[in-house]
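Chemist: Got a predicted model here, sequence first, then my questions.
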Amino acid sequence: MRKIVIAGNWKMYKTQAESEDFLRGFLPALDATPDEREVVLCVPFTDLSALSKNLHGSRVQLGAQNIHWEEFGAYTGEISGPMLAEIGVRYVVVGHSERRQYFGETDETVNLRLKAAQRFGLTPILCVGETKQQRDAGETESLITNQIKTDLVDVNQENLVIAYEPIWAIGTGDTCECKEANRVTGLIRSLLSNPDVPIQYGGSVKPNLIDEIMAEPEIDGVLVGGASLEPASFARIVNYQ
Ligand SMILES: O=C(CO)COP(=O)(O)O
């Protein structure tokens, strides 16, 4: 039975005060959430220590949005696995398209970060996905296949989550059609040595679409940006029917 992972990716939103305010509106909704669903909030570094204090005893797991591959060192602006583990972070998003686009992330550095997350006891969420140009050129399958094969070299697939996030669906409101998202998720699964790796869909996930998305057999959860920023919106997603 594959794990269900419902994660919010707050990107660069919410101060510590705003994140604490979010929890006050969100946590009560979890009383209705089936136990087998893993609920994760991937938040900015400054929110991690604030939220870790507020989440004690809660079922919400903390996630980060980046991790350096070294244990320590002169890497201005980076954060290490031991720093994240010390405050109870369990998950870390790796290879998000925004990091690949704006911060020079490559498949090689993604691979290093994936292995570092596992080395320091965290579970990485690997993001893969194609651009509109690649999809229109019929390159979706080859792009995804290359990302999976390159990013996962020597990565332990027993401690991994993957998110299929078509870049053209991120932040656009143009959610991938559920059957297509399911098809590509099935392709990703066919490339893995461990068929039980949870695979999420991400890209304009909205409350009104979550029931349909989660009804797809290959999809084991979602990675949610904008719709995870409001308590009621993310609560409806977490409590999909
Ligand atoms: O990038 C995403 C999650 O990592 C998706 O963002 P949106 O849900 O805002 O499209």
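Modeler: Looks like it came in fine.

Chemist: ok so Gln61 is a strand residue?
Modeler: Yes: assessed with DSSP: H, G, I helix; E, B strand; the rest coil, Gln61 lies in a strand.

Chemist: Just the local confidence number for it, please.
Modeler: Gln61 carries a pLDDT value of 97.

Chemist: who touches the lowest-mean-pLDDT helix or strand in the chain?
Modeler: None of the helices or strands of the chain scores lower by mean pLDDT, DSSP states H and E than helix 45-54, at a mean of 90. The contact list for helix 45-54 (C-beta atoms under 8 Å, 6 or more residues apart in numbering) reads 10, 14-16, 19-20, 23, 41, 43, 62, 64-65, 79, 84, 87-89. For glycine as for every other residue, the C-beta is placed from the backbone atoms N, C-alpha and C.

Chemist: rerun that using 6 Å as the cut-off
Modeler: Gln16, Ser19, Glu20, Leu23, Leu62, Ile79, Ile87, Gly88 (C-beta atoms under 6 Å, 6 or more residues apart in numbering).

Chemist: Show me which residues of this protein are close to the ligand?
Modeler: Contacts of the chain with the ligand, taken as C-beta under 6 Å from any ligand atom, map to 9, 96, 165, 170-171, 202-205, 223-227.

Chemist: at 5 Å instead, please
Modeler: Contact residues, the chain versus the ligand (C-beta under 5 Å from any ligand atom): Asn9, Ile170, Gly171, Gly202, Ser204, Leu223, Gly225, Gly226.

Chemist: and which of those residues is nearest to the ligand?
Modeler: Nearest to the ligand among those, counting by C-beta to the nearest ligand atom, is Gly225 at 2.2 Å.

Chemist: Count the neighbours of the closest one for me.
Modeler: By the criterion of other C-beta atoms under 10 Å, Gly225 has 21 neighbours.

Chemist: For it, which residues are in contact?
Modeler: Asn9.

Chemist: Likewise for the one 4 residues further on?
Modeler: Residues in contact with Leu229 (C-beta under 6 Å, 6+ apart) are Tyr13.
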